[in-house]
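Peer 1: What would the 3D arrangement of this be:
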Amino acid sequence: MSRRTEGGKEQSVRRRRGRLDDERPLTRRPESRRREVRVLYVACEGESTEPDYLQYLNEQFGDGDGRERQPFRIQPVYRKNGMTPSQVVEAARAAAAEDEAWAVFDRDRWDDIPQAVKMAAESQIELAFSHPSFDLWLLLHFQAFSGAQSGSSKNVVDKLRQTADAFRDYDKRGDKSIKGPRRDALKGLEHKAVARARSLIASCPQGECAPARAEPDRAGRDAQPLPSNRWAARSGHAPDCPILRRDPSTDVWRLLVALGIV
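Peer 2: Numbering: from 1, shown residues only. The predicted structure is shown next:
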């Protein structure tokens with residue numbers, strides 16, 4: 001709770017977690033606690049699908065496995081009505097400060113993606129870029145997919161509705177949430193989704209792209225900055241492969257591998 005003055009009157013302002021309009025959306029933990037739980041801020045282009053999916057990861061895997069996988073807490077950062085890719089990167093930078101930060105955004109209609117990648121490289125913000133959309137990552141849980149989509153998600157969404165019964169009404173009447181039966185449908189299919197996403201790198205028509213080139217581990221916010229083309233190439237694509245031509249592709253798999261889920 002904070003206070004601000006407006007029209008000469010002091011008003012109370014309640015902060016809500018995860019909304020970009022607010023202060024940093026997660027209270028910092030004491031140092032000893034932060035060593036136990038890995039905290040990362042993930043800024044999202046969308047206000048529904050991506051934040052819901054990240055909360056699913058928290059609930060399904062966030063406690064760790066009691067052996068090798070470290071417990072983690074993802075704090076989604078999002079804004080009502082969404083953000084542009086550059087706004088996503090800036091939101092990740094502002095929310096995370098020096099903590100681990102990721103930016104999740106799609107090809108869609110945006111023309112500021114190269115600028116967003118440059119900003120991410122300068123601040124060592126990890127990228128999870130999808131072409132044409134995050135919906136492709138969901139579909140890869142259920143089936144392989146190929147063929148350039150030119151920025152359109154129509155075919156991807158149609159396939160998702162046809163393949164997974166829980167998603168038969170996905171994106172109808174604006175419902176792109178990932179809750180209830182949709183979350184249940186995704187469970188246990190993470191390894192398949194990662195394998196299929198990596199296979200798309202090998203089939204990329206641009207440059208010498210290969211899954212073996214990928215660097216799934218986070219670089220760290222204090223790492224030496226890389227040029228934007230090399231920063232974007234950490235997904236396995238060649239440095240000379242333009243990010244806007246990686247169609248179809250999704251780098252969300254890097255987040256799961258980095259967290260030890262797969």
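Peer 1: Spit out the contact partners of residue 108.
Peer 2: 45, 132, 133, 151, 153 (C-beta atoms under 8 Å, 6 or more residues apart in numbering). Bear in mind the C-beta positions are built from the backbone N, C-alpha and C, glycine included.
Peer 1: rerun at 7 Å
Peer 2: Contact partners of residue 108, counting by C-beta atoms under 7 Å, 6 or more residues apart in numbering, are 132, 133, 151.
Peer 1: Same question for residue 207.
Peer 2: By C-beta under 7 Å, 6+ apart, the residues touching residue 207 are 237, 238, 240, 241.
Peer 1: quick revisit: can you tell me which of the contacts of residue 108 are buried?
Peer 2: 132, 133 (16 or more other C-beta atoms under 10 Å).
Peer 1: Can you redo the contacts of residue 207 as a markdown table, where the extra columns are secondary structure?
Peer 2: Below are those laid out as a markdown table (DSSP: H, G, I helix; E, B strand; the rest coil):
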| residue | secondary structure |
| --- | --- |
| 237 | coil |
| 238 | coil |
| 240 | coil |
| 241 | coil |
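Peer 1: Neighbour-wise, give me the winner out of those.
Peer 2: residue 237 (27 neighbours; other C-beta atoms under 10 Å).
Peer 1: Can you check the pLDDT for it?
Peer 2: The per-residue pLDDT reported for residue 237 equals 96.
Peer 1: check contacts around it.
Peer 2: Counting by C-beta under 7 Å, 6+ apart, residue 237 has contacts 201, 204, 207, 209, 246.
Peer 1: A helix includes the second one, no?
Peer 2: In other words, residue 204. No: with three-state DSSP as the criterion, residue 204 is assigned coil and is not in a helix.
Peer 1: Number of residues surrounding it?
Peer 2: By other C-beta under 10 Å, 19 other residues sit near residue 204.
Peer 1: Roughly how far does it sit from residue 112?
Peer 2: 22 Å (C-beta to C-beta, to the nearest Å).
Peer 1: ditto for the third one
Peer 2: Using C-beta to C-beta, one gets 23 Å for the distance from residue 207 to residue 112.
Peer 1: picking up where we left off before, just flag the most distant two among the contacts of residue 237.
Peer 2: Spanning the widest gap among those are 201 and 207, at 10.5 Å by C-beta to C-beta.
Peer 1: What's the local residue count around residue 227?
Peer 2: 12.
Peer 1: Any chance of the backbone angles for it?
Peer 2: Main-chain dihedrals, residue 227, degrees, to the nearest 10: phi -60, psi 150.
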